[in-house]
Every structure is written in structure tokens, then in C-alpha cells.
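1. Below is the structure, and that's it, no one-letter string:
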């Protein structure tokens, strides 16, 4: 049997999606291609593929598709491949997968070079790149599919302006052996990048057994602009109301109902415990 399965999320049922599907099906070695039709399909298809014995399961989509596939295959022996054809492809950027060139990304998969990476988890859900609590998760939650299709990444910025106008929650961040901290929103990273090209987590390593945590103390419109400007210039860790630390386990709680997101998908509300799975995830990456 063919040992490589591609799970393709054709976000919009459009001519572009149909052409992209044809290009994927025409890739060398004739991969099996299965399409998602609704939220949760990629997770189900990945679990089925792992049970069927596929050696390589390829997520063809954005970070949300990657997250679903990981949650479907995480406890199997299958290896993850990435074809970054979604709206946001931060994890692909993190591990050096070529973007905007389907054939080059497929070459990475065909070369067969794997890396074992940390597999973070939060309340039973796995993630690979980023978790957000508060502001970030609320933006994901309130950005509509129609807006993302029409505006791409800009849609998140428009929602951000609306969310920042609402009174922020108070968060308590704690863990074994670390001081208790308070903040308005929190970002937790496995890799270095956030939102695309921005190295938010300066010390992050995908295989160090640690989560990288950035706590933001305020959340007015001015604060949000100030934070993201500093992130763009790489100076955010010098701000007096931003804290950065590393830990293998972090708990976040609040008296408010606060959402958290994993790799761009809202997965629940606080309280939440973030940690590192004892299992590693095998991922196909460029040799260099």
C-alpha cells in the first residue's frame, strides 16, 4: 500500500482549491489524498490513517490543520509532514519548510529527514507551536471564517482592535518551582515564532523539554499597540510590564471565563494546565 497520506483542507470550495488538489494529487510517488469537509475531520482522518498503518501523514493546510492532524496521530508511530497551503503557516516557517512552492515542500517530505520534537499539551489537547490565553485566544475565537477568506491575516488585526476595547480578565500564572505571576494575557511557545516571522520566544528550542512563557501585564489599546510594536522590533522583553520565563509545567487560572487557543484553534476555557508530553513527535524537516 502507499505509505504516505495527505490530509488536505481546501478551506474554500473554490477553483483555486480544486487546482491545488490536482497539483497535490500529481506530486511524485502518487500520494493518497483525503479531503476535510468540516472542523474535526483532519483529526479523524489522521487517526484513521495511523490505524491503517500509514508511515507518513501530511497536513496540507495551515496551522489549524496541522494541530488537528497532530491530535489524531500523536500517539502513533507515524511521522508528520507539512505542506503549508493555509492562511497562517507559522510552524512550517519555524522548521524551515519552503512556502509558496508546493513542489519544494514536497521534496522535504520525500527526502525523509526526521527530527523528534517536543509535543506540548494543554488539558488533554496537543499543540506544536503556540498557545495563547486571553487576548490572543479571543481574537481567534471572534475572527470569522468569512473574514479570514476575504482578508487573510489582516482579519485578525481588525478583530484585535475590537477585543482590546473590552475590559481584560485578570490571570494568575503559576507552576511548580516558579513564582506566581499575574497578567492580562499570556502566550506560551514551543518554537520561537509568533504570528509569522516574529521571534517572540527568544530562547525557545523545539526539543528542550521546556515551555516558553510571555506574560503581558496590561491590555488597553495603547498597551496592545506598544506590545506588538515592540514584538515587531524584537524589543518586547525589555518592557517593564512584560515577563518571560521557561518552565516544564504552567497553570493558568482566572475568576473570569477566559478562552485559550492552541495553534490558532480555540480549545477551551480556563483553568488550564500546560505541559510537555513524555512522547516525542517525529516531523519531516529540511536537512539543514
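-> All right, it came through fine. It should be emphasised that the depicted structure is a prediction, and the values quoted were computed from it without experimental measurement.
2. Strands along the stretch 101-250 of the chain, start to end?
-> Applying DSSP state E, counting those that start in this stretch to the stretch 101-250 of the chain gives strands spanning 114-117, 120-122, 125-126, 130-133, 171-175, 178-183, 185-189, 193-194, 198-199, 211-216, 242-247, 249-253.
3. Would you tell me which of these gets closest to residue 49?
-> Closest of these to residue 49 is strand 125-126, at 16.2 Å (criterion: CB to CB). To be clear about C-beta, it is placed using only N, CA and C from the backbone, and glycine gets the same treatment.
4. So which elements touch that closest one?
-> helix 63-73 (3 or more CB pairs under 8 Å, 6 or more residues apart in numbering; DSSP states H and E).
5. helix or strand right after the helix it packs on?
-> strand 79-84 (DSSP states H and E).
6. how's the protein carved up into domains?
-> The chain breaks down by automatic domain parsing into domains covering 4-112, 125-276.
7. Arrange those domains in a markdown table, one row each, with mean neighbour count as further columns.
-> What follows is those, written out as a markdown table (neighbours: other CB atoms under 10 Å):
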| stretch | mean neighbour count |
| --- | --- |
| domain 4-112 | 19 |
| domain 125-276 | 18 |
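8. Serialize these to CSV and add fields for distance to residue 287 and mean pLDDT.
-> Below are the domains of the chain laid out as CSV (distance: least, CB to CB, whole Å; pLDDT from 0 to 100):
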stretch, distance to residue 287, mean pLDDT
domain 4-112, 7, 93
domain 125-276, 16, 94
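9. which stretch among the strands of the stretch 101-250 of the chain comes nearest residue 34?
-> Taking CB to CB, strand 125-126 is the member of these nearest to residue 34, at 20.4 Å.
10. Partner strands of that closest one and their direction?
-> Partners of strand 125-126 in the sheet, by DSSP bridges, are strand 120-122 (antiparallel).
11. contact partners of the strand it pairs with?
-> 126-128, 131, 188, 190, 211, 260, 262, 267-268, 272-277 (CB atoms under 8 Å, 6 or more residues apart in numbering).
12. Residues touching stretch 218-236, excluding its own?
-> Under the contact criterion CB under 8 Å, 6+ apart, stretch 218-236 has outside partners 134-135, 160-161, 164-165, 168, 184-185, 194-195, 198-200, 214, 216, 238-239, 241-242.
13. change it to 10 Å
-> Defining contact as CB atoms under 10 Å, 6 or more residues apart in numbering, one finds that stretch 218-236 is touched by 134-135, 157, 160-161, 163-169, 183-185, 187, 194-195, 197-200, 202, 214, 216-217, 237-239, 241-242, 244.
14. ok so, going back, need the strands of the stretch 101-250 of the chain in TSV with distance to residue 49, can you?
-> Shown next, in TSV, are the strands of the stretch 101-250 of the chain (distance: least, CB to CB, whole Å):
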stretch	distance to residue 49
strand 114-117	17
strand 120-122	21
strand 125-126	16
strand 130-133	25
strand 171-175	35
strand 178-183	39
strand 185-189	28
strand 193-194	27
strand 198-199	33
strand 211-216	28
strand 242-247	34
strand 249-253	31
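15. Out of the ones you listed, which gets nearest to residue 19?
-> Closest of the strands of the stretch 101-250 of the chain to residue 19 is strand 193-194, at 28.8 Å (criterion: CB to CB).
16. chain center to the closest one: distance?
-> 9 Å (CA atoms, centre = their mean, to the nearest Å).
17. for the strands of the stretch 101-250 of the chain, which one sits closest to residue 26?
-> Smallest distance to residue 26 across the strands of the stretch 101-250 of the chain (CB to CB): 24.9 Å, for strand 114-117.
18. The closest one pairs with which strands?
-> For strand 114-117, the paired strands and their directions (DSSP bridges) are strand 281-284 (antiparallel).
19. picking up where we left off before, distance to residue 286 for the domains of the chain - can I get that in JSON lines?
-> Below are the domains of the chain laid out as JSON lines (distance: least, CB to CB, whole Å):
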{"stretch": "domain 4-112", "distance to residue 286": "5"}
{"stretch": "domain 125-276", "distance to residue 286": "14"}
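20. if we can go back for a sec, so which of the strands of the stretch 101-250 of the chain is nearest residue 51?
-> strand 125-126 (17.3 Å).
21. Alright, I will stop here.
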